Each structure stands twice: as structure tokens, then as C-alpha cells.
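A.B. asks: here is the input, now give the coordinates:
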Amino acid sequence: MADYDFDVLVIGAGPGGYVAAIRAAQLGLKTACAESRETLGGTCLNVGCIPSKAMLHASELFQEASSGALAKFGIDIAGASLNLDQMHAEKAKAVKELTGGIEGLFRKNKVEWLKGRAAFTGADSVAVGGRTVRAKNIVIATGSSVTPLPGVTVDQTVVVDSTGALALAKVPKHLVVIGGGVIGLELGSVWKRLGAEVTVVEYLDQILPGMDGDVRKEANKLFKKQGFTLRTSTKVTEVAVGEAGATIIVEPATGGASETIEADVVLLAIGRKPNVEGLALDQAGLQQNGRGQIEVDHDFRTSVPGIWAIGDVTPGPMLAHKAEDEGIAVAENIAGQTGIVNHAVIPSVVYTHPEYASVGQTEEALREGGTEIRIGKFPFLANSRAKTNRDTDGFVKVIADAKTDRVLGVHIVSSLAGVLIGQAAQAMEFGATSEDIAYTCHAHPTHSEALKEAAMAVTGKPIHM
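C.D. replies: Residues are numbered from 1 along each chain as shown. Down below sits the predicted model:
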């Protein structure tokens with residue numbers, strides 16, 4: 001250590017970075033973490049996953065209280081009104097508690113927080129916060145940021161990104177969401193429930209790109225049922241901001257006559273890009289691939305010895321839990337242990353209502369690849385707990401290899417899909433067959449019985465349908 005200030009320096013304190021730093025410190029390595037924000041936790045905890053879930057939950061409660069939906073259960077609520085300032089305050093409280101918790105974990109595990117924006121000055125040296133430090137191992141975990149749309153300027157007042165959409169001072173009369181992916185639909189759901197008219201403009205022919213076809217079709221149906229206007233196969237050519245809001249010019253994705261849509265707020269949510277600007281990767285001898293990412297091997301090593309990368313700056317889905325698992329694995333690899341992430345079993349969840357969750361491969365990808373499969377589906381309409389709760393939207397879909405019965409993918413639409421997908425992921429991690437799930441006793445009455453019944457439908461017939 002005579003030549004190095006640290007065994008490990010992690011650049012970025014998001015879900016991947018802070019986890020990597022804590023794990024490295026737990027393994028006895030002298031560790032620091034460089035972070036330029038005033039609080040730890042990265043995009044996820046500060047302006048992403050956590051505050052959006054706070055707003056999603058609060059808006060669901062408001063809708064239940066104000067819409068009369070609880071009357072059928074004998075709960076009559078009169079005069080429910082929206083206090084948006086308090087909703088934002090509760091969101092901020094949750095963020096403060098969680099980001100402060102990470103700071104406490106850094107102190108507990110003796111991780112030094114280097115405050116400032118980091119930039120490489122060499123393959124083993126980084127300038128940050130007015131000083132230059134050397135580390136035997138450097139982990140790049142700088143996450144991602146909003147992908148811009150050419151010709152559209154985000155002012156965080158009329159044209160907002162995900163950060164601005166979480167902090168609107170009032171409910172828009174008409175919110176236009178550019179992008180029918182996870183972020184756009186989640187934040188669109190928040191403001192729809194709080195009273196906004198919401199129009200989603202998606203370039204592709206269906207919303208939720210990349211998800212299983214049955215899930216996308218169900219989502220299209222349910223969002224329309226909830227009052228969303230979905231403009232698929234449509235591209236935005238211009239957004240003009242005026243005194244009254246914005247005018248969005250759209251046309252068919254394949255070309256054709258243009259038309260205008262008026263809105264008082266526009267949310268740009270067409271995706272995210274790796275955060276590498278200002279890192280001076282060239283000073284470390286690193287290059288980006290064609291998508292702006294940093295390529296790594298199975299152990300998360302880059303092309304430069306001693307430099308590692310995880311999370312959104314590397315290829316693969318931009319998901320907080322993927323980054324967290326990679327953070328643990330990279331720290332263990334640096335410490336000489338064996339850190340592995342099974343990228344074939346990374347669940348994804350859309351936290352709208354209902355939720356849309358998937359793990360493994362889609363039916364379309366498997367058929368395109370020539371895999372012979374069997375599929376079992378079970379609707380929540382036939383699940384006793386969902387029926388009792390009057391919460392029957394959605395289904396469970398289990399896809400298994402036709403020859404081995406090994407589960408290759410599970411796709412769930414349900415108010416509890418995000419919780420239920422964990423069981424499916426664990427089963428797949430252990431190489432479960434559909435029969436394994438079908439013959440596992442599930443508590444009754446629970447939503448999880450729908451997964452059991454869908455698994456039964458793969459090789460035989462479900463009992464309750």
C-alpha cells in the first residue's frame with residue numbers, strides 16, 4: 001500500500017457503486033468512493049427509483065380515497081383532496097432517510113467518501129475534490145442519464161425529464177409523455193391518478209419495448225382502460241414551447257402527414273445513456289463501444305488492468321438491482337474471491353398499477369431462436385385472493401423448454417407482480433422445471449397460487465380454470 005492511497009476506489013455512489021464500496025470494505029480492502037452529489041445513492045435514491053415509488057404509492061392512495069373505489073368494501077370517503085406539497089414532502093423524507101442511511105453504512109464500514117467529480121489522470125490515478133489519489137483497483141460505477149431527443153430542450157418547467165417530472169409544482173392539465181417505456185409509463189401513471197390527462201407517444205408499434213408480447217398487449221389494453229391516450233407508431237419531430245405550454249408536432253413513424261398536440265407539460269422519457277462525460281477515460285487508456293458503454297469481461301474487468309466497470313455504464317439492462325449484484329461480485333473478484341452474476345436471471349418490473357414483471361426470456365425471443373417451448377398461463381380472474389380483493393387484472397405466464405421442462409421465462413401482470421417475480425427468479429436460479437413450481441405447496445389464499453397454476457398449465461391443466 002506504500003504506493004497507493006486505496007486498495008479500491010469506486011467512482012459513483014449509486015446502487016452499484018455504494019454496494020461495491022461497502023462490500024470491498026467488508027472484505028478488508030481500504031476503500032474510497034467518489035461522488036459529486038451532496039447525498040449518496042445516485043440517481044436511483046435521489047431522483048429515480050425511490051422518489052418515483054413514493055409518488056406512485058401516494059397517487060394510488062389518493063385515487064382510492066377520492067374515486068369512490070373503496071365504497072364496495074363498505075368504506076365511504078367524502079371530501080378527499082390533494083395536498084401535493086405534502087406528497088412531495090413525504091417523498092423527500094423517504095429519500096433523505098435512505099440516502100442518509102447509506103452515509104451511515106459508509107461510516108460503519110470505514111468507506112471514505114471523496115466528495116467531488118472524478119476524472120482519470122492515469123490508469124491508476126484519479127483527480128477528485130481538489131486532490132489526486134492512486135488506487136490499486138478502480139471501479140467505474142457512474143450510472144446513466146437521460147437520453148436527449150434532438151431538437152428538444154429540457155427546461156424542467158414545460159419540457160421535463162424524469163427528475164423534473166417528480167417535482168412538478170402542480171398537476172398538469174395535459175401531460176404528453178414522449179416514450180412508452182418504463183419511466184414514461186410510471187411517471188405518467190402518477191400524474192394521471194392525480195388528475196392529469198395523459199398522452200403517450202411511442203415510436204414503436206407497442207408500449208413497453210422488450211417485454212413479452214402478451215404482457216405488452218395486456219398493458220396496452222389496461223392503460224387505455226385507465227384513460228391513457230396511447231399514440232404508438234408515432235414519432236415526435238418538434239416540441240415548441242410557448243407561453244401557454246408546448247406544441248408537439250408528431251407524424252406516423254413510417255412517414256406521413258404531421259399533426260399537433262397541445263400540452264402544458266411534456267415529459268421526455270426515451271431512454272438513458274451511460275454517464276462517462278468528464279471521466280477522461282482516454283487518460284486511463286479506455287475507450288467506449290458504439291453505444292457509449294464500457295466493455296467488460298465476465299468478471300467486470302475492462303481492457304485496462306486494475307480498472308473495472310459495473311452497472312449502467314456497461315452493456316445490459318439499466319437496472320438498479322443488476323448494478324447492485326455486480327457491485328458485490330466485482331468487490332469479491334477484486335478480493336480474489338469468485339463473484340458471479342447470472343445475467344440470464346435478472347428480473348425487471350414496471351411499477352404502475354397493475355405492475356408488469358418479467359424474468360428470463362420472452363416467448364418471441366425463444367421462438368425466433370428456434371427453441372421448442374411449452375407455455376402455461378393463468379389469469380388472476382381465477383385466483384381466489386385476487387377475486388376477493390376485486391383486483392383481478394392480469395395473469396401469470398410460465399415458459400418452459402419443451403424437452404427438459406426447465407423454466408426459461410416468467411411474465412406476470414398483477415398488482416403484486418414485482419413481489420411475485422422474486423419467486424420465479426429464485427426458481428430459475430436453481431434451474432427449476434415447471435413441475436418443480438407446480439408441485440411446490442403455495443399458501444392459500446395468495447396471489448402466488450397463480451404462479452403455481454400457470455406452472456401446472458405447462459405440463460397439464462390448472463385446477464381452477
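
A.B. asks: helices of the protein, start to end?
C.D. replies: 15-26, 42-47, 49-67, 84-109, 162-165, 182-193, 213-225, 281-284, 320-334, 363-368, 384-388, 417-429, 434-438, 449-459 (DSSP state H).

A.B. asks: tabulate those (TSV), appending mean pLDDT.
C.D. replies: Formatted as TSV, the helices of the chain follow (pLDDT from 0 to 100):
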stretch	mean pLDDT
helix 15-26	98
helix 42-47	97
helix 49-67	97
helix 84-109	98
helix 162-165	98
helix 182-193	98
helix 213-225	98
helix 281-284	98
helix 320-334	98
helix 363-368	98
helix 384-388	98
helix 417-429	98
helix 434-438	98
helix 449-459	97
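
A.B. asks: Val350 is nearest to which of those?
C.D. replies: Among the helices of the chain, the nearest to Val350 by CB to CB is helix 182-193 (5.0 Å). Backbone N, C-alpha and C define where each C-beta goes, glycine included.

A.B. asks: between helix 213-225 and that closest one, find me the angle.
C.D. replies: Helix 182-193 and helix 213-225 meet at an angle of 30 degrees, taking axes from the mean of the first three to the mean of the last three CA atoms, to 10 degrees as the criterion.

A.B. asks: what comes into contact with helix 182-193?
C.D. replies: 52, 55-56, 59-60, 62-63, 162, 165-166, 168, 171-172, 175, 177-178, 198, 200, 207-208, 219, 223, 226-228, 267, 269, 348, 350-353 (CB atoms under 8 Å, 6 or more residues apart in numbering).

A.B. asks: pull the contacting residues for Ala167.
C.D. replies: His88, Gln156.

A.B. asks: how about the one 4 residues further on?
C.D. replies: The neighbours of Val171, taking CB under 8 Å, 6+ apart as the test, are Leu82, Leu84, Trp191, Leu194, Gly195, Ala196.

A.B. asks: check the burial of the third one by counting its neighbours.
C.D. replies: The tally of other residues near Trp191 (other CB atoms under 10 Å) stands at 22.

A.B. asks: please apply the same query to the one 5 residues further on.
C.D. replies: Neighbour count of Ala196, defined by other CB under 10 Å: 20.

A.B. asks: so who does it touch?
C.D. replies: So Ala196 contacts Val171, Pro172, Lys173, His174, Leu175 (CB under 8 Å, 6+ apart).

A.B. asks: I'd like to know which of the contacts of helix 182-193 are buried.
C.D. replies: Among those, those classed as buried by 16 or more other CB atoms under 10 Å are 52, 55-56, 59-60, 62-63, 162, 165-166, 168, 171-172, 175, 177-178, 198, 200, 207-208, 219, 223, 226, 228, 267, 269, 348, 350-353.

A.B. asks: what about the most centrally placed residue in the chain? Give its phi and psi, please.
C.D. replies: The centroid of the chain falls nearest to Leu319 when counting by CA atoms, centre = their mean (4.9 Å). Torsion angles at Leu319 (phi, psi; degrees, to the nearest 10) stand at phi -130, psi 140.

A.B. asks: correct me, but it touches Val341?
C.D. replies: No. At 11.5 Å, Leu319 does not count as touching Val341 under the criterion of CB atoms under 8 Å.

A.B. asks: go ahead and confirm Leu420 touches Ala357.
C.D. replies: Yes. With contact defined as CB under 8 Å, Leu420 reaches Ala357; the gap is 6.9 Å.

A.B. asks: overlap in contacts, those two.
C.D. replies: Any residue near both Leu420 and Ala357 by CB under 8 Å, 6+ apart counts here, and that gives Ile412, Ser414.

A.B. asks: compare these two (neighbour count), which wins?
C.D. replies: Per other CB under 10 Å, whichever of Leu420 and Ala357 has more neighbours is Ala357, with 28 against 21.

A.B. asks: show me what the more buried one is bridged to.
C.D. replies: Legend: beta-bridge partners of Ala357 under DSSP bridges are Val349, Ile412.

A.B. asks: for it, give me its contacts.
C.D. replies: Ala357 sits next to Pro347, Ser348, Val349, Val350, His411, Ile412, Val413, Ser414, Ala417, Gly418, Leu420, Ile421 when contact means CB under 8 Å, 6+ apart.

A.B. asks: distance between stretch 63-76 and the chain's centre?
C.D. replies: A distance of 30 Å separates the centroid of the chain from that of stretch 63-76, by CA atoms, centre = their mean, to the nearest Å.

A.B. asks: need the contact partners of it.
C.D. replies: Ile77, Ala80, Ser81, Leu82, Arg193, Arg390.

A.B. asks: quick one: which of those residues is most hemmed in?
C.D. replies: Busiest of those [other CB under 10 Å] is Arg193, holding 26 neighbours.

A.B. asks: how near is it to Met55?
C.D. replies: 9 Å (CB to CB, to the nearest Å).

A.B. asks: same question for Gly306.
C.D. replies: 41 Å.

A.B. asks: same question for Val304.
C.D. replies: Counting by CB to CB - Val304 and Met55 are separated by 41 Å.

A.B. asks: cool, Gln287 as well?
C.D. replies: Distance, Gln287 to Met55, by CB to CB: 39 Å.

A.B. asks: in stretch 128-148, what's buried?
C.D. replies: 128, 133-146.

A.B. asks: correction: the previous question concerned stretch 226-243.
C.D. replies: Using 16+ other CB under 10 Å as the test for burial, stretch 226-243 gives Gln226, Phe228, Leu230, Arg231, Thr234, Lys235, Val236, Val239.

A.B. asks: likewise stretch 41-54?
C.D. replies: 41-52, 54.

A.B. asks: export it as PDB, just CAs?
C.D. replies: C-alpha atoms of stretch 41-54 as PDB (Å, rounded to 0.1, in the frame of the first residue of the first chain):
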ATOM      1  CA  GLY A  41     -27.400   6.800  -3.600                       C
ATOM      2  CA  GLY A  42     -27.000   8.100  -7.100                       C
ATOM      3  CA  THR A  43     -29.900   8.700  -9.500                       C
ATOM      4  CA  CYS A  44     -31.900   5.700  -8.000                       C
ATOM      5  CA  LEU A  45     -32.200   7.000  -4.500                       C
ATOM      6  CA  ASN A  46     -32.200  10.700  -5.200                       C
ATOM      7  CA  VAL A  47     -34.200  11.300  -8.300                       C
ATOM      8  CA  GLY A  48     -35.200   7.900  -9.700                       C
ATOM      9  CA  CYS A  49     -36.400   4.600  -8.200                       C
ATOM     10  CA  ILE A  50     -37.100   5.700  -4.700                       C
ATOM     11  CA  PRO A  51     -38.900   9.100  -5.200                       C
ATOM     12  CA  SER A  52     -40.900   7.700  -8.100                       C
ATOM     13  CA  LYS A  53     -42.100   4.800  -6.000                       C
ATOM     14  CA  ALA A  54     -43.100   7.200  -3.200                       C
END
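
A.B. asks: fine by me, thanks again.
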